[in-house]
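[1] Output the structure for:
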Amino acid sequence: MPTGIYERKTRADRKIIICSVCGDTRSVLPSYADRVTGEFCSKKCAGSARSLKVGFVCDHCGAGGERRRDHLREKNYCSPICSAAGRRKSDAKWRNPDQIKEYMRQYGERNRDRLNELSRNRAARYRDKKNENQRKRRSLGSRPRGMGREAWSALLDIFGGKCLKCETPERLEADHVLPVHLGGTNDLGNFQPLCRTCNAAKGATYADYRTSKQIEAVERYKRAMVEAMFPAVKIVEV
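    Okay, the predicted model is just below:
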């Protein structure tokens, strides 16, 4: 049990608060007066005062508006458009291409190890997918720019997936039966699969290695494509 003589602390002087919301007068301790900012008799009145809307003038366009008292800032804007325009700086760093290049150079130097690690992980993550896509492209061979992958795959199925001259399944290319400079077109009926060697040997000359059944199969595929694109159109053979 503590013993001794202790000086009695003087009682704190109470403060008189006149509420600016309800007008009530209260005698409170100084600590409570500091918590409620000395203008309100209670936290309820303080919250009501903060939620009251007051008028303001937009710092960008000058239009007037109302906003909650506790939402007012040093600069106030009436809309997101005015806010973006008011905050925009004409001499911002991101507008200067030289500063952008310098920043990117410094960022690369500071984070070189981390960026290299991310690059290695990304390469390892997509290596299998990249190899699979390369194998798929090689298996399909080379096709003209305007021919879709699906159409070229269908032609390979019709012609057995091999060169029509030497019957090799490797390095196939879509060859124009009638060369373009002789009047040939990029129609599916003017293509035949040849390997790169046979296609180079054929050159820009006319040579048709297709059978009549294969030509008819290509024509049927063309009609099916048209009917799939335009269901209301029916192609009738004459």
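[2] Mind checking what helix or strand follows the helix or strand of the chain with the lowest mean pLDDT in sequence?
    Sorted by mean pLDDT, DSSP states H and E, the helices and strands of the chain end with helix 30-35, the least confident at a mean of 72. Toward the C-terminal end, the helix or strand that comes next after helix 30-35 (DSSP states H and E) is helix 43-51.
[3] Give the buried residues for that following helix.
    For helix 43-51, burial by neighbour count (16 or more other C-beta atoms under 10 Å) applies to 45-46, 49. Yep, even glycine has a C-beta here, placed from its N, CA and C like the rest.
[4] Include distance to residue 226 when you put these into JSON lines, please.
    Output for those, formatted as JSON lines (distance: C-beta to C-beta, whole Å):
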{"residue": "45", "distance to residue 226": "79"}
{"residue": "46", "distance to residue 226": "76"}
{"residue": "49", "distance to residue 226": "75"}
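[5] so can I have a markdown table of those residues showing pLDDT?
    Formatted as a markdown table, these follow (pLDDT from 0 to 100):
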| residue | pLDDT |
| --- | --- |
| 45 | 81 |
| 46 | 77 |
| 49 | 75 |
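[6] Now stretch 76-86: buried residues?
    For stretch 76-86, the neighbour count (16+ other C-beta under 10 Å) marks 76-78, 82-83 as buried.
[7] Can you give me every residue that contacts the residue nearest to residue 179 when sequence neighbours are not counted?
    Spatial nearest neighbour of residue 179, chain neighbours left out: residue 204 (4.5 Å); criterion: C-beta to C-beta, 6 or more residues apart in numbering. Residues near residue 204 by C-beta atoms under 8 Å, 6 or more residues apart in numbering: 179, 181-182.
[8] just the strands in the chain please.
    Taking DSSP state E to define them, one finds strands in the chain at 15-18, 25-28, 53-57, 64-68, 172-176, 191-195.
[9] and these, which is most packed in?
    Greatest average neighbour count among the strands of the chain goes to strand 191-195 (a mean of 25), per mean count of other C-beta atoms under 10 Å.
[10] contacting residues around that strand?
    Contact partners of strand 191-195, identified using C-beta under 8 Å, 6+ apart, comprise 141, 144, 147, 155-156, 159, 161-166, 168, 170-177, 202, 208-210.
[11] Show me what the mean pLDDT comes to for that strand.
    Taken as a whole, strand 191-195 has an average pLDDT of 90.
[12] In PDB, list the C-alpha atoms belonging to it.
    C-alpha atoms of strand 191-195 as PDB (Å, rounded to 0.1, in the frame of the first residue of the first chain):
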ATOM      1  CA  PHE A 191      -3.900 -25.000-105.800                       C
ATOM      2  CA  GLN A 192      -2.100 -28.300-105.300                       C
ATOM      3  CA  PRO A 193       0.400 -29.300-102.600                       C
ATOM      4  CA  LEU A 194       4.000 -29.800-103.700                       C
ATOM      5  CA  CYS A 195       7.100 -30.100-101.700                       C
END
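[13] about what we covered before: and the buried ones among the contacts of strand 191-195, selectable in ChimeraX?
    The buried residues among the contacts of strand 191-195 can be selected in ChimeraX (16+ other C-beta under 10 Å) with this line:
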select :141,155,156,159,162,163,164,165,172,173,174,175,176,177,202,209,210
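[14] If anything else comes up later, I'll come back, but that's it for now.
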